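**Student:** Structure, please.
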Amino acid sequence: MVTPELCLCGYEFSDGIGTGWIKPPPDAWVRQLCRVGARERITVFLSHPERDRDTAKLHNSVFVIAPDGTIIGIHRKVHVVPVAEAWATPGSSAPVKLVSLFVCNRAGTDQTRDFTPAESVVVKNGTWLVAFHSPNSTLILVDWDPQAQELIGQRFLTLDLPAAGTSESATRVHP
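**Tutor:** Numbers count the residues shown, from 1 in each chain. All right, here's what the predicted structure looks like:
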């Protein structure tokens, strides 16, 4: 299971509720998701704020929760959005874990943010296999062989999601 970024608190929480509630991991929210993951026997990628236990710095992090409910890794977002994530300290690297990773990323614009320069990528062993960005909210679909841990072909499909209040969408195949 892959959660959207900051799925529990929302992207723009700091102005409304501040950051004092952010605790070192695992906080109550993360412990609850660990229990759910263990009960369902699934790997969970949970995007959630984190306070470093040693430095007290705050991070926009992804917790990798194994099917037994243990946290096997934490990735701290390296490129934080300057105004929206002013509360967050950038991480320094992306640690590699031995699980398939599929990421939910923002694209397009919403009421207060412009994510058009944001890039979504498929990476294996540090090599970028697919990179994409869009001025619209877009769903990106790739064919992935989970046993071989590789792309099936080099083409991918995008589906431009309709803007609020409309029903128009467009599907494209990218070579």
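**Student:** Can you show me the helices along this structure?
**Tutor:** Across the chain, reading from the start of the chain, the helices by DSSP state H fall at 14-17, 28-40.
**Student:** most packed of those?
**Tutor:** Using mean count of other CB atoms under 10 Å, the stretch among the helices of the chain with the greatest mean number of neighbours is helix 28-40 (a mean of 15). (Glycine included, C-beta is placed from N, CA and C.)
**Student:** What helices and strands are in contact with that helix?
**Tutor:** Under the contact definition 3 or more CB pairs under 8 Å, 6 or more residues apart in numbering; DSSP states H and E, helix 28-40 sits against strand 44-51, strand 58-65.
**Student:** what are the C-alpha coordinates of it, in PDB please?
**Tutor:** Extracted C-alpha coordinates of helix 28-40, given in PDB (Å, rounded to 0.1, in the frame of the first residue of the first chain):
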ATOM      1  CA  ALA A  28       0.700   6.700  17.600                       C
ATOM      2  CA  TRP A  29      -0.300   7.100  13.900                       C
ATOM      3  CA  VAL A  30       2.600   5.100  12.600                       C
ATOM      4  CA  ARG A  31       2.100   2.400  15.300                       C
ATOM      5  CA  GLN A  32      -1.500   2.100  14.200                       C
ATOM      6  CA  LEU A  33      -0.500   1.700  10.500                       C
ATOM      7  CA  CYS A  34       2.100  -0.900  11.500                       C
ATOM      8  CA  ARG A  35      -0.700  -2.900  13.200                       C
ATOM      9  CA  VAL A  36      -2.900  -2.600  10.200                       C
ATOM     10  CA  GLY A  37      -0.100  -3.700   7.800                       C
ATOM     11  CA  ALA A  38       0.800  -6.700  10.000                       C
ATOM     12  CA  ARG A  39      -2.900  -7.700  10.300                       C
ATOM     13  CA  GLU A  40      -3.300  -7.500   6.500                       C
END
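**Student:** What angle do strand 44-51 and it make with each other?
**Tutor:** 160 degrees (axes from the mean of the first three to the mean of the last three CA atoms, to 10 degrees).
**Student:** before we move on, back to that, with respect to residue 19, which of the helices and strands packed on helix 28-40 lies nearest?
**Tutor:** Go through the helices and strands packed on helix 28-40 one by one with CB to CB and the one that ends up closest to residue 19 is strand 58-65, at 5.9 Å.
**Student:** now what about that closest one, what contacts it?
**Tutor:** Strand 58-65 is contacted by residues 5-6, 19, 22, 25-26, 30, 33-34, 37, 43-52, 71-77, 80, 85, 87-89, 91, 97, 99 when judged by CB atoms under 8 Å, 6 or more residues apart in numbering.
**Student:** and the residues you listed, which are buried?
**Tutor:** Buried residues within the contacts of strand 58-65, defined by neighbour count using 16 or more other CB atoms under 10 Å: 5-6, 22, 25-26, 30, 33-34, 37, 43-51, 71, 73-77, 80, 85, 87-89, 91.
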